[in-house]
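S.K.: Predicted structure and sequence below. I'll ask about it afterward.
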There are 2 protein chains.
Amino acid sequence: MGVTKSEIFTDAQNKIATLAKAFAHPARVAILHQLFKSETCICGDLVHEIGLAQATISQHLKELKNLGLIKGNIEGTSVCYCINEKKWQEMKQLLTTFFNQEIKLNCC
Amino acid sequence: MGVTKSEIFTDAQNKIATLAKAFAHPARVAILHQLFKSETCICGDLVHEIGLAQATISQHLKELKNLGLIKGNIEGTSVCYCINEKKWQEMKQLLTTFFNQEIKLNCC
DNA sequence: ATTATTAATCGTAATATTGCAATAAACGAA
DNA sequence: TTCGTTTATTGCAATATTACGATTAATAAT
């Protein structure tokens, strides 16, 4: 036990949950925030600015990349990470639709 | 060592992460979906419709309640749960602002 | 009062996530 | 080539989350 029973939920429910996990840790929120606002997007700079170990940042970057929300570009020995705008828009669409549901009944 | 270092992140980053956790599990997404669309909002109905054990649903409901996204009302032996619209709007505002950030630089 | 129904809580088992040191891999510079 | 720089991966320890049976608590029904 302790395993999420994905099979009993709809695809949409599983997808929302998977995407939401991207934002469910402050380190990933911080990384994304940096990628949006920063003039630079080099992995090493993220490590320096956020203050977690390099291995930890690398792991979070990998998760964000697996979700498709960011993409990486090798530049010599460093790697430049950027928001994947197409995927970001898709994610935004899915989540905001969920957030904008109408309440049919409110009895409390 | 397995502990999220909340103290090195901003309040906003921690808050986004905390709220996102509400949606980071399909069971909670399913519960919220039911509370939005359903004509009923009784805990027992959720257990029946979602197909997880009563204790498990109860635990997820507790988390959603702790976040303030839902509220419960005792009705005899059953409990009616509803979306807390005020908190839901606050959450929506915070997350959509995050989603709508402008990309300053896109080098990949 | 006794019994049935409903939901919360407790205890426990299992899996998932987080964090980092150490190491590896890949490249540029000397 | 050799050394330094940068990032990914591995291995491990610790905490967090998920799930559920069993129990408890509270109320309704008989």
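M.R.: Done, it's in. Residues are numbered from 1 along each chain as shown, chains lettered A, B, ... in the order given.
S.K.: show me the contacts for the closest residue to A:Lys92 other than its chain neighbours.
M.R.: The shortest distance from A:Lys92 to any residue other than its chain neighbours is 4.5 Å, reached at B:Phe99 (C-beta to C-beta, 6 or more residues apart in numbering or on different chains). In short, each C-beta sits where N, CA and C put it, glycine included. Each residue near B:Phe99 by C-beta atoms under 8 Å, 6 or more residues apart in numbering or on different chains is listed here: A:88, A:91-92, A:95-96.
S.K.: now B:Phe99: how far from DNA strand D?
M.R.: 21 Å (C-beta to the nearest atom of the strand, to the nearest Å).
S.K.: Please produce a ChimeraX select command covering the buried subset of the contacts of B:Phe99.
M.R.: Under the burial definition 16 or more other C-beta atoms under 10 Å in any protein chain shown, those of those that qualify are selected in ChimeraX by:
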select /A:88,91,92,95
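S.K.: Give me the subset of the contacts of B:Phe99 lying in helices.
M.R.: Cross-referencing the contacts of B:Phe99 with the helices (criterion: DSSP state H) gives A:88, A:91-92, A:95-96 as the overlap.
S.K.: Any chance of a markdown table for the residues you listed, columns pLDDT?
M.R.: Listed next are the ones in helices among the contacts of B:Phe99 as a markdown table, based on pLDDT from 0 to 100:
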| residue | pLDDT |
| --- | --- |
| A:Trp88 | 97 |
| A:Met91 | 98 |
| A:Lys92 | 98 |
| A:Leu95 | 98 |
| A:Thr96 | 98 |
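S.K.: Of those, just say which sits nearest to DNA strand C.
M.R.: Of all the ones in helices among the contacts of B:Phe99, the one with the least separation from DNA strand C (C-beta to the nearest atom of the strand) is A:Met91, at 16.8 Å.
S.K.: check contacts around the residue lying closest to that closest one once chain neighbours are set aside.
M.R.: Nearest in space to A:Met91, with sequence neighbours left out and distances taken as C-beta to C-beta, 6+ apart, is A:Leu19 at 5.1 Å. With contacts defined as C-beta under 8 Å, 6+ apart, the neighbours of A:Leu19 are A:67, A:91, A:94-95.
S.K.: A:Leu61 too?
M.R.: So, once contact is read as C-beta under 8 Å, 6+ apart, A:Leu61 ends up touching A:31, A:43, A:46, A:70, A:72, A:81.
S.K.: Which helix or which strand is home to it?
M.R.: Under DSSP states H and E, the secondary-structure element containing A:Leu61 is helix A:54-66.
S.K.: Buried residues, that helix. List them.
M.R.: Residues of helix A:54-66 classed as buried: A:57, A:60-61, A:63-64 (neighbour count, 16+ other C-beta under 10 Å).
S.K.: Run the chain-centre distance for that helix.
M.R.: 10 Å (C-alpha atoms, centre = their mean, to the nearest Å).
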